[in-house]
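>>> show me how the following folds:
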Amino acid sequence: MMIYTITLNPALDRTIWIDRIRDDVSNRIIDERRYAGGKSIDVSKVLKNFGVDNIALGFVGGFAGRELEGRLLNDGIQTDFVRVSGETRTNIIIHEKETGRQLAFNALGPEIRPSELMQLVEQIEGLPCPEVVTIGGSLPPGVSPEIYRKIITLVGRCRARVVLDVDGPGLLSGIKAHPNIIKPNIHELSELVGHELREMDEIFEAAREINQGGVEVVLVSMGAKGILLVAKGVEYVAIPPEVKVENTIGAGDSAVAGFVYGLVNGKDLRESLVFAAAAGTATTLRLGTALSQKEDFLNLVPQVQLNVLQGGA
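Numbering: from 1, shown residues only. Got it, this is the predicted structure:
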């Protein structure tokens, strides 16, 4: 079974804990850690935590890129990145202990040269046929949103299941190639349909429209309210239990990993959706980036409430 994850703009997440941010004084760091990050990198990490081997693809460069590769290697994740002349970005995430606030500062990423972009395209063209490909995250400078459409078309020749988790112009471009699964949040879905979505029926209607337009499964993450799923003749909402949230970085990516974990283990859409809600919630229990652990995940699965709106009792 071949599973590939593609992250065009991976990052090192430099995570810092302080008591409280105060103006005009020296704010002392209590603790600091570094994690390999980026949407599909997070998917790779959680799948590996759940015992599913996969290979991470994308661009890396400079010392930060080497550190990111080394951290993934230590996590037991295979990589086959295209090396670029620029430096892999470093994001800053600050946890304020007194208030529980979490501040994220995401860098742009390195400029990707056209020759480096074509190296990735040629690599994807030559891949052995995978079962699942996940594509996620922001675009680095120098790369057009059209790349998502190109990648989906390339891997589609193998009838691979393609999961697209990007936003803005990238999502608009990518869905033209009909990925099997997309997972926007409410804000990203609103952007896609061109108007703000507030009520649950509005969200479902927007998801139905996209499903009818050729996307087989539409997942919409709604934070603590859960995840909804729309497919042909099927509509579900999975609501996770209330938990003490330590961190939200990578929760949506972990949900993608949970859904993929269900698919590769032969589960139907209902069970895969429950897995998605449990995996996303499991990550919120841990400090760090996308650290959903299998033990937490398995404990949460029976606590997820599944509401069936259409498609069986």
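
>>> residue contacts, the residue nearest to the spatial centre of the chain?
Nearest to the geometric centre of the chain sits residue 253, at 2.9 Å (Cα atoms, centre = their mean). Counting by Cβ atoms under 8 Å, 6 or more residues apart in numbering, residue 253 touches 39-40, 42-43, 46, 136, 165, 290. C-beta coordinates here come from the backbone N, C-alpha and C atoms, glycine included.

>>> ok, residue 143 touching residue 112?
Yes. With contacts counted by Cβ atoms under 8 Å, residue 143 reaches residue 112, the gap being 5.1 Å.

>>> so what sits against both of the two?
Common neighbours of residue 143 and residue 112, using Cβ under 8 Å, 6+ apart, are residue 8.

>>> so which of the contacts of residue 253 is the most crowded?
The residue in these with the most neighbours, by other Cβ atoms under 10 Å, is residue 43 (35 neighbours).

>>> any idea which helix or strand comes after the helix or strand hosting that one?
Assessed by DSSP states H and E, residue 43 sits inside helix 39-49. Per DSSP H and E, the first helix or strand lying C-terminal to helix 39-49 is strand 55-60.

>>> any idea how far the closest residue in space to residue 86 that isn't next to it in sequence lies from residue 72?
Ranked by Cβ to Cβ, 6 or more residues apart in numbering and with sequence neighbours excluded, the top spatial neighbour of residue 86 is residue 110, at 2.4 Å. Distance check for residue 110 against residue 72: by Cβ to Cβ, to the nearest Å, it reads 18 Å.

>>> hmm, residue 31 and residue 97 touching each other?
No. Shown here, residue 97 and residue 31 do not form a contact pair, counting by Cβ under 8 Å, at 9.5 Å.

>>> any common contacting residues for the two?
Here residue 97 and residue 31 have residue 17 as joint contacts, going by Cβ under 8 Å, 6+ apart.

>>> which elements pack onto the helix ranked longest in the chain?
Longest helix of the chain, by residue count under DSSP state H: helix 269-284. Applying 3 or more Cβ pairs under 8 Å, 6 or more residues apart in numbering; DSSP states H and E, we find helix 269-284 packed against strand 217-221, strand 227-231, strand 234-239, helix 251-264, helix 294-300, strand 305-310.

>>> worst mean pLDDT among the ones you listed?
Among the helices and strands packed on helix 269-284, strand 305-310 carries the lowest mean pLDDT, a mean of 88.

>>> put the alpha carbons of that one into PDB.
Written as PDB, here are the backbone C-alpha positions of strand 305-310 (Å, rounded to 0.1, in the frame of the first residue of the first chain):
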ATOM      1  CA  GLN A 305     -21.500  11.300  18.500                       C
ATOM      2  CA  LEU A 306     -22.600  10.600  14.900                       C
ATOM      3  CA  ASN A 307     -25.800  12.300  13.600                       C
ATOM      4  CA  VAL A 308     -27.200  10.900  10.400                       C
ATOM      5  CA  LEU A 309     -29.100  13.500   8.400                       C
ATOM      6  CA  GLN A 310     -29.300  11.300   5.200                       C
END
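
>>> what comes into contact with that strand?
By Cβ under 8 Å, 6+ apart, strand 305-310 touches 204, 226, 233-239, 241, 270, 273-274.

>>> in stretch 52-65, what's buried?
Neighbour counts over stretch 52-65 (16 or more other Cβ atoms under 10 Å) mark 52, 54-62, 64-65 as buried.

>>> and which of the residues you listed is nearest to residue 16?
Of all the buried residues of stretch 52-65, residue 16 sits closest to residue 64, with 16.4 Å by Cβ to Cβ.

>>> from residue 137, how far off is that closest one?
Going from residue 64 to residue 137 by Cβ to Cβ gives 16 Å.

>>> swap in residue 33?
Distance of residue 33 to residue 137, given as Cβ to Cβ: 21 Å.

>>> so for the two, which residue has more residues nearby?
Using other Cβ under 10 Å as the criterion, residue 33 and residue 137 rank with residue 137 on top: 26 against 13.

>>> OK, contacts around the more buried one?
Residue 137 makes contacts with 7-10, 38-41, 165-166, as judged by Cβ under 8 Å, 6+ apart.

>>> and the pLDDT at the closest residue to residue 81 other than its chain neighbours?
Leaving aside its sequence neighbours, residue 81 sits nearest to residue 60 (Cβ to Cβ, 6+ apart; 4.4 Å). According to the prediction, residue 60 has pLDDT 97.

>>> list the contacts of residue 60.
Residues in contact with residue 60, defined by Cβ under 8 Å, 6+ apart, are 10, 66, 68-69, 81-84, 88.

>>> which outside residues touch stretch 29-37?
Defining contact as Cβ under 8 Å, 6+ apart, one finds that stretch 29-37 is touched by 10-19, 45, 67-68, 71-72, 75, 91, 97, 249-250, 288-291.
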